[in-house]
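Colleague: Quick check, what structure comes out for this input:
(2 chains)
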There are 2 protein chains.
Amino acid sequence: MVKVVKIGGNVIDNEQALRAFVADFAKIQGPKVLVHGGGKIATRLSEKLGITTTMIEGRRVTDRQTIDVVTMVYAGLVSKHIVALLQSEGCNAIGLSGADASVIRAVRRAAMPIDFGFVGDISTSGVDAEFILSLIERGIVPVFCSIMHDGEGELLNCNADTVASSVAMALAEKVDTELIFCFEKRGVLTDIDNPNSVIGTIRSDSYKKLLSEGVVNKGMIPKIDNALKAVSEGVKSVTIKHSEELLVESGTKIVL
Amino acid sequence: MVKVVKIGGNVIDNEQALRAFVADFAKIQGPKVLVHGGGKIATRLSEKLGITTTMIEGRRVTDRQTIDVVTMVYAGLVSKHIVALLQSEGCNAIGLSGADASVIRAVRRAAMPIDFGFVGDISTSGVDAEFILSLIERGIVPVFCSIMHDGEGELLNCNADTVASSVAMALAEKVDTELIFCFEKRGVLTDIDNPNSVIGTIRSDSYKKLLSEGVVNKGMIPKIDNALKAVSEGVKSVTIKHSEELLVESGTKIVL
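Modeller: So this is what the prediction gives:
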């Protein structure tokens, strides 16, 4: 079983939480892959450089200056910091963008109806699962940021949740794969202010009900959509949980 | 024969020159490795962020803020830009720092007599030649920046010329290896203002004479020192040449 773990921007932005998470991730036995965000740090660097950050529906509008900023932050600062920390915990990590060894290829999103700039979408066939598995067989732990390439020389900013689910789906075609989304909540909550209101399991049918009742928080919708797509495409198990609870049974399980 | 090519900061800073160089590098037949700098872009980003750049004897004093800047620029912006361009030329590049798969380990330089901060030195035994060769065997072209790690969670800024010669020397223990330093001059010049005053060959004995006569420019000394060390450690051939002349016989050959 390969575990694909996604760690979100709020945790990465908190050095103490990040170090605790990295130490836990290093302890996971067996093959594993990490996917990370870094949006908060990118927004802060943009501010310092006088670049305005525009978000539409939670997605960053990525002009030329902004693709440079996110490439620096995700593929440089955050990737290498996480890799160095993992190495110090005895975990032989390698930090990769999608351009590296062309491991994940994306397609630039059409400029209509909204022009997001250098933003891309990944297809499962864009992921080179064979190369990822060849690293894993050498005992190397791939760490992916969400910067991909279009094969024509341009880097594209992608959604890190989608990177995680795309990698998991591509691996699931070859080996048993589990996907875990870690963030700063204990799972999908029915009451966002009550950390104990974790929904234990979401099924595609119960999800529709939760949506129609407005129980699921807006920000969670793409995460659950990604999770449901992943289980429908053969990923054995998808869990949404708190980054502090990586090593314990907890969170919300997404099943078909 | 594996070709290890180093490309310097002045070329990287010039988008047109960089693209021309990348297109040439992609055309090299057979196994190859690229090592790049990026110092000029790092200095410019530091300026924009209000961080003072201090250079002592041509080396950057690297405090906490500066190691973040050089990690962003070298391992993020420059690495992924070069990799994406190489991919578009059909060259399956992978951009790595030394922390990635712990491929190059460095030791933090002692704070005496000068405290350079997060600056490291590489030993040949710090280079995992076997991993580099395993990538090459898969048809992958490693692209190294000069950010290494100390194995204890810290990233260290190293000299890119030294990265190139260390990688070449480590590979030379296993396979025939050639090292090529590309920069914005046509080789080692006897007259810095005359591009046609290229010294064809430098031997260790003629080098001493050039040094004592003050013919060799100050900035060239570490480059030639690195080159001489590399040939003395088994690298078959070391050449210093213009980035525009990568594919033609030219430049200064350094021999024992």
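Colleague: ok, now which ones touch the closest residue to chain B within the stretch 101-250 of chain A?
Modeller: Of all residues in the stretch 101-250 of chain A, the one sitting closest to chain B is A:Gly153 (3.6 Å; Cβ to the nearest Cβ). Quick note: C-beta positions are derived from backbone N, CA and C, even for glycine. Residues in contact with A:Gly153, defined by Cβ atoms under 8 Å, 6 or more residues apart in numbering or on different chains, are B:84-85, B:87-88.
Colleague: What does the pLDDT read for whatever residue of chain A ends up closest to chain B?
Modeller: Residue nearest to chain B within chain A: A:Gly76 (2.2 Å; Cβ to the nearest Cβ). What the model reports as pLDDT for A:Gly76 is 98.
Colleague: Now it: closest residue in space, sequence neighbours ignored.
Modeller: Leaving out its chain neighbours, the residue that sits closest to A:Gly76 by Cβ to Cβ, 6 or more residues apart in numbering or on different chains is B:Gly76, at 2.2 Å.
Colleague: what about the one you found, neighbour count?
Modeller: Neighbour count of B:Gly76, defined by other Cβ atoms under 10 Å in any protein chain shown: 33.
Colleague: Just say helix, strand or coil for it.
Modeller: helix (DSSP: H, G, I helix; E, B strand; the rest coil).
Colleague: what's near enough to touch it?
Modeller: Applying Cβ under 8 Å, 6+ apart, we find B:Gly76 in contact with A:71-77, A:79.
Colleague: State the distance from it to B:Ser204.
Modeller: Counting by Cβ to Cβ, to the nearest Å, the separation of B:Gly76 from B:Ser204 is 39 Å.
Colleague: and if you look at A:Lys185?
Modeller: Going from A:Lys185 to B:Ser204 by Cβ to Cβ gives 65 Å.
Colleague: In terms of packing, which of the two has more residues around it?
Modeller: Higher neighbour count among A:Lys185 and B:Ser204: A:Lys185, with 21 against 13, using other Cβ under 10 Å.
Colleague: Surely the more buried one touches A:Pro195?
Modeller: Yes: at 7.1 Å, A:Lys185 counts as touching A:Pro195 under the criterion of Cβ atoms under 8 Å.
Colleague: ranges for the helices of the stretch 151-256 of chain A?
Modeller: Applying DSSP state H, counting those that start in this stretch to the stretch 151-256 of chain A gives helices spanning A:160-172, A:204-212, A:221-232.
Colleague: can you give me the angle the longest one makes with helix A:221-232?
Modeller: Spelled out, that is helix A:160-172. Put simply, helix A:160-172 runs at 0 degrees to helix A:221-232, going by axes from the mean of the first three to the mean of the last three Cα atoms, to 10 degrees.
Colleague: same question, the second one
Modeller: Following the same axes, to 10 degrees, one obtains 170 degrees for the angle between helix A:204-212 and helix A:221-232.
Colleague: Near chain B, which residues of the stretch 51-200 of chain A are found?
Modeller: Within reach of chain B by Cβ under 8 Å from any Cβ of the partner chain, the stretch 51-200 of chain A has these residues: A:68, A:71-77, A:79-81, A:83-85, A:87-88, A:92-97, A:99-102, A:131, A:134-135, A:138, A:140, A:147, A:149, A:151-155.
Colleague: A:Ile132: neighbour count?
Modeller: Residues lying near A:Ile132 (other Cβ under 10 Å) number 26.
Colleague: contacting residues around it?
Modeller: Contacts for A:Ile132 (Cβ under 8 Å, 6+ apart) come out as A:33, A:103, A:142, A:167, A:170-171.
Colleague: Give the next helix or strand downstream of whichever strand or helix holds it.
Modeller: If you go by DSSP states H and E, A:Ile132 is part of helix A:129-137. As assigned by DSSP H and E, the chain's next helix or strand after helix A:129-137 is strand A:141-144.
Colleague: For that next one, which outside residues touch it?
Modeller: Strand A:141-144 is contacted by residues A:32-36, A:79, A:82-83, A:86, A:91-98, A:103-104, A:132, A:135-136, A:163-164, A:167 when judged by Cβ under 8 Å, 6+ apart.
Colleague: Make a ChimeraX selection of whichever of the residues you listed turn out to be buried.
Modeller: Those of the contacts of strand A:141-144 that count as buried under 16 or more other Cβ atoms under 10 Å in any protein chain shown are selected in ChimeraX with:
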select /A:32,33,34,35,36,79,82,83,86,91,92,93,94,95,96,97,98,103,104,132,135,136,163,164,167
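Colleague: from the contacts of strand A:141-144, which ones fall inside helices?
Modeller: A:79, A:82-83, A:86, A:132, A:135-136, A:163-164, A:167 (DSSP state H).
Colleague: Kindly reformat those as a markdown table and extend each row with pLDDT.
Modeller: Listed next are the ones in helices among the contacts of strand A:141-144 as a markdown table, based on pLDDT from 0 to 100:
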| residue | pLDDT |
| --- | --- |
| A:Ser79 | 98 |
| A:Ile82 | 98 |
| A:Val83 | 98 |
| A:Leu86 | 98 |
| A:Ile132 | 98 |
| A:Leu135 | 98 |
| A:Ile136 | 98 |
| A:Val163 | 96 |
| A:Ala164 | 96 |
| A:Val167 | 97 |
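Colleague: Going by distance to A:Glu249, which of the residues you listed wins?
Modeller: Using Cβ to Cβ, A:Ala164 is the member of the ones in helices among the contacts of strand A:141-144 that sits closest to A:Glu249, with 20.1 Å.
Colleague: separation between the closest one and A:Thr124?
Modeller: With distances taken as Cβ to Cβ, A:Ala164 is found 12 Å from A:Thr124.
Colleague: Repeat that for A:Val188.
Modeller: From A:Val188 to A:Thr124 the distance is 24 Å (Cβ to Cβ).
Colleague: Those two: who's more crowded?
Modeller: Remark: of A:Val188 and A:Thr124, A:Val188 carries more neighbours, 27 against 19, as counted by other Cβ under 10 Å.
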